[in-house]
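Chemist: next come a sequence and a model predicted from it.
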Amino acid sequence: MNKVICLCIGLFAGSASATSILTEDFNTDGDGTRYTVTGGGGAGLGCCQNWSLNSEDEGGRSDVLVGFEGGDFWSGSDLNDGNLPSGFSNANPRDVILNSVDISSFNNEVLVIALAASTNLDVGSDFLRIFAVDADTSARTVLDMFDGSNAGSMSGVTLGTTFQDVTYDLSGLGFANLRIGFEAWTTRNSEVVGVDNIRLIDVPEPASLAIFGLTLAGLGFSRKKKAL
């Protein structure tokens, strides 16, 4: 089982620097260029405005989520809405999968991702799932799942309406080519999930991450908080 570690504030041990492999902040539309959205559609809309960039969110439902980086994040609400454009189904969760990245030359990959959710998700019907995809076989490995309790099944992190970084150790996956993805399902427009500021990093020593915590400031990464 992959080791999952909650990001904490601390000092990064060792003098070796970390390497940034991939970043996605959703501050510009990347549908069809940097990532693939369920149903396509372009303009950051995916299949519909309730699974979209925050700035395209119909009715401003994602305004309940705060503390995101830059000007946009990916948001989802009311994802079983039956009033979808022709050709789209409400029978499946919505997903976003980033383009493939070659990680064959790295050994200690770490995923850092900013997540948030409203506190009224329903147990058994609403969820946010984070997963890794082997780009060569399309096989998925679930990294975490946040359901009605808002607590991650593997990380143990409890999400709230303020974005927080959650960290996943990917060093044991053994993939040569990796895609990072997330999917969600919510049943009311007041039930909102958010994903932002995805960072894939190679760290010098996995043990230092587990013992001391991974510090974004120490690695040269910073999160800009949206002015409230």
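Modeler: Looks like it came in fine. Residues are numbered from 1 along each chain as shown.
Chemist: tell me where the protein has strands.
Modeler: 4-5, 19-24, 35-37, 51-53, 74-77, 94-98, 101-102, 109-117, 127-134, 140-146, 164-169, 177-185, 192-202 (DSSP state E).
Chemist: those: which one's closest to Val157?
Modeler: With CB to CB as the measure, strand 164-169 is the member of those nearest Val157 (5.1 Å). To be clear about C-beta, it is placed using only N, CA and C from the backbone, and glycine gets the same treatment.
Chemist: output the contacting helices and strands for the closest one.
Modeler: Secondary-structure packing of strand 164-169 (3 or more CB pairs under 8 Å, 6 or more residues apart in numbering; DSSP states H and E): strand 4-5, strand 109-117, strand 140-146, helix 206-212.
Chemist: circling back to that earlier point, worst mean pLDDT among the strands of the chain?
Modeler: For the strands of the chain, the weakest mean pLDDT is recorded on strand 4-5, namely a mean of 46.
Chemist: how about the CA coordinates for stretch 51-68, as CSV?
Modeler: Once non-C-alpha atoms are left out, stretch 51-68 reads as follows in CSV (Å, rounded to 0.1, in the frame of the first residue of the first chain):
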residue,chain,number,x,y,z
TRP,A,51,-17.7,20.5,-13.2
SER,A,52,-15.4,23.3,-14.3
LEU,A,53,-12.9,26.0,-13.5
ASN,A,54,-14.1,28.0,-10.6
SER,A,55,-14.5,31.1,-12.8
GLU,A,56,-16.9,29.2,-15.0
ASP,A,57,-19.0,27.8,-12.1
GLU,A,58,-22.6,28.3,-12.8
GLY,A,59,-24.3,30.4,-10.0
GLY,A,60,-21.1,30.8,-8.0
ARG,A,61,-21.6,27.6,-6.1
SER,A,62,-17.8,27.2,-5.5
ASP,A,63,-17.6,30.6,-3.7
VAL,A,64,-17.9,28.6,-0.4
LEU,A,65,-14.3,27.4,-0.9
VAL,A,66,-11.5,29.8,0.0
GLY,A,67,-7.7,30.0,0.3
PHE,A,68,-6.9,28.7,-3.2
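Chemist: in that stretch, what's buried?
Modeler: For stretch 51-68, the buried set under the neighbour-count rule, 16 or more other CB atoms under 10 Å, comprises 51-54, 56-57, 61-62, 64-65, 67-68.
Chemist: ok, now stretch 149-162?
Modeler: 150, 152, 154-155, 157, 159-160.
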